[in-house]
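Visitor: how does the following fold in three dimensions:
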Amino acid sequence: MGDVLLALSIPVLVFGGGIYAACDCWWRRRHPAPPSPYTHRAARLAEQDMLLLAEEIVDDAYAALGPLYDAPAASAAPGPAGPPAALSSRPSRPASTPDRAPSPPAAVQKP
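Guide: Numbering: from 1, shown residues only. Presented below is the predicted three-dimensional model:
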């Protein structure tokens with residue numbers, strides 16, 4: 001008798017699981033979940049908040065460090081702008097052309 005009950009319990013459990021799944025599907029269709037709080041509008045608002053925070057950080061940094069980057073008016077001497085030649089990291093190339101056009105071909109040398 002125990003084997004018969006065990007054999008019959010398997011189809012009953014499968015049938016019960018099917019009934020549960022059908023009722024759950026029906027319930028979810030009748031009562032949908034509320035919309036997600038992370039919508040496009042929420043994303044835009046979060047982006048605006050982040051931009052305002054970034055602007056505030058930059059403004060605070062400029063207020064604190066701005067005088068370090070301003071050129072002193074008393075020592076402004078007439079001359080070329082930029083670092084002195086001794087501090088330049090790249091050597092100057094006076095023979096270079098200002099445009100990106102190819103150079104003219106070299107003359108052919110006869111042996």
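Visitor: C-alpha only now, for contacts and for neighbours.
Guide: Fine.
Visitor: who's in contact with His40?
Guide: By CA atoms under 8 Å, 6 or more residues apart in numbering, the contact set of His40 is empty.
Visitor: give me the secondary structure label for the spatially most central residue of the chain.
Guide: Nearest residue to the geometric centre of the chain (CA atoms, centre = their mean): Glu47, 11.7 Å. What DSSP: H, G, I helix; E, B strand; the rest coil gives for Glu47 is helix.
Visitor: how about it, what does it touch?
Guide: So Glu47 contacts nothing (CA under 8 Å, 6+ apart).
Visitor: okay, and Ala22 sits in which element?
Guide: Using DSSP states H and E, the element containing Ala22 is helix 2-30.
Visitor: what count of nearby residues applies to Leu53?
Guide: Leu53 has 12 neighbours, counted by other CA atoms under 10 Å.
Visitor: separation between it and Val4?
Guide: Taking CA to CA, to the nearest Å as the measure, Leu53 and Val4 are separated by 71 Å.
Visitor: next, Ala33: secondary structure please.
Guide: coil.
Visitor: how near is it to Ala42?
Guide: 18 Å.
Visitor: which one of those two has more residues nearby?
Guide: Each of Ala33 and Ala42 has its neighbours counted (other CA under 10 Å); Ala42 has more, 11 against 8.
Visitor: report the distance from the helix or strand hosting that one to the chain centre.
Guide: For Ala42, the host element (DSSP H and E) is helix 40-69. Helix 40-69 has its C-alpha centroid displaced from the chain centroid by 16 Å (CA atoms, centre = their mean, to the nearest Å).
Visitor: mind checking the pLDDT average for that helix?
Guide: Average pLDDT, helix 40-69: 90.
Visitor: what are the buried residues along that helix?
Guide: Buried positions in helix 40-69, judged by neighbour count with 16 or more other CA atoms under 10 Å: none.
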